[in-house]
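1. Just a sequence and a predicted model for now, questions to come.
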Amino acid sequence: MATVAINQEAERTITFYRSAVGKKVVMAVTGFLLFGFIVMHLIGNLLIYLPKDSNGQWPIDVYAAQLHAIPELLWSARIILLVAVILHIVAAWQLSVLNKLEARKQGYVRWTPVASSYASRTMVWSGPIILLYVIYHLLDLTFGAFNPGFEFGQVHRNIVASFTRPPVAAFYIIANLCLAFHLYHGLWSMCQSVGIAHPRYTPVLKMASKVIAVAIGIGFCSIPLAVVSGLVR
């Protein structure tokens with residue numbers, strides 16, 4: 001009986017995921033996890049603006065050391081984030097395919113993007129750019145493969161060494177602008193997917209999504225700009 005119940009539950013789960021609603025829910029849940037990571041990552045990165053402490057250490061280096069102090073927790077978080085990224089990308093791709101198939105079945109005389117925003121229409125190319133950005137970011141500042149002055153644990157030094165190269169700083173700025181566009185549409189879509197939608201609150205939710213996306217974009221873009229301008233040395 002227990003095996004039958006488990007099989008039935010698995011079948012219901014698979015059937016739900018195959019639907020467009022199921023894929024949207026998966027994107028919403030994984031998107032929420034990734035959004036939380038982005039916020040925490042930004043807070044940690046903004047420590048670059050703080051001066052050295054009384055021990056002569058950069059606060060951002062101390063913060064990084066604290067994260068690496070518990071490797072089990074760090075790697076557990078990395079694995080969860082990796083699974084969330086994979087599920088988010090797969091669900092987004094499958095949902096895009098479903099939408100295209102549905103549009104072909106219905107057909108249209110003239111396509112006019114009235115209901116969609118500029119951010120939603122750029123999700124197709126902003127997603128891959130962000131993925132490339134994450135890969136480069138890991139190779140640059142986590143593993144040091146692309147960083148000419150990399151030293152493990154010296155986060156402040158590594159950031160300055162990377163962003164003093166204008167092409168690299170420009171790439172980071174462009175990628176984070178794409179992230180801001182992606183977040184704006186993603187946050188609003190997440191609210192809709194989990195049922196947080198009402199005509200009275202829709203304008204507020206849209207504005208909140210825009211403000212949060214812009215704030216995160218400014219926060220991340222400010223760091224390479226600060227290094228290039230010499231504000232952070």
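-> Right, received. Where do you want to start? All figures in this text were calculated on a predicted structure; none of them were measured in a lab.

2. where does this protein dip in pLDDT?
-> Within the chain, the ranges that satisfy pLDDT under 70 run 1-10, 101-127, 193-195, 197-198.

3. In it, what residue spans correspond to helices?
-> Listed in chain order, the helices of the chain (DSSP state H) span 2-18, 20-45, 59-68, 71-106, 118-121, 123-137, 155-163, 166-193, 202-229.

4. Make TSV out of these and add distance to residue 52.
-> C-beta: built from backbone N, CA, C; applies to glycine. Below are those laid out as TSV (distance: least, Cβ to Cβ, whole Å):
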stretch	distance to residue 52
helix 2-18	50
helix 20-45	17
helix 59-68	8
helix 71-106	25
helix 118-121	39
helix 123-137	25
helix 155-163	9
helix 166-193	23
helix 202-229	16
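
5. I'd like those helices written out as CSV, with distance to residue 147 and mean neighbour count added.
-> Output for these, formatted as CSV (distance: least, Cβ to Cβ, whole Å; neighbours: other Cβ atoms under 10 Å):
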stretch, distance to residue 147, mean neighbour count
helix 2-18, 40, 10
helix 20-45, 16, 17
helix 59-68, 14, 15
helix 71-106, 20, 13
helix 118-121, 31, 15
helix 123-137, 11, 15
helix 155-163, 5, 21
helix 166-193, 9, 19
helix 202-229, 13, 17
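
6. Of all the ones you listed, which one comes closest to residue 148?
-> Set against residue 148 and scored by Cβ to Cβ, the helices of the chain come closest in helix 155-163, at 6.0 Å.

7. for the closest one, packing partners?
-> On a contact count with 3 or more Cβ pairs under 8 Å, 6 or more residues apart in numbering; DSSP states H and E, helix 155-163 meets helix 59-68, helix 166-193, helix 202-229.

8. Next up, the contacts around residue 200.
-> Shown in contact with residue 200 (Cβ atoms under 8 Å, 6 or more residues apart in numbering): no residues.

9. do you know how far it is from residue 191?
-> Residue 200 sits 13 Å away from residue 191, going by Cβ to Cβ, to the nearest Å.

10. Same question for residue 166.
-> 38 Å.

11. repeat for residue 130
-> Going from residue 130 to residue 191 by Cβ to Cβ gives 20 Å.

12. Residue 201 now?
-> From residue 201 to residue 191 the distance is 9 Å (Cβ to Cβ).

13. Over to residue 147?
-> 38 Å.

14. next one: residue 46
-> Taking Cβ to Cβ as the measure, residue 46 falls 26 Å from residue 191.

15. cool, residue 135 as well?
-> 29 Å.

16. any idea how far residue 134 is from residue 36?
-> Residue 36 is 16 Å from residue 134, by Cβ to Cβ.
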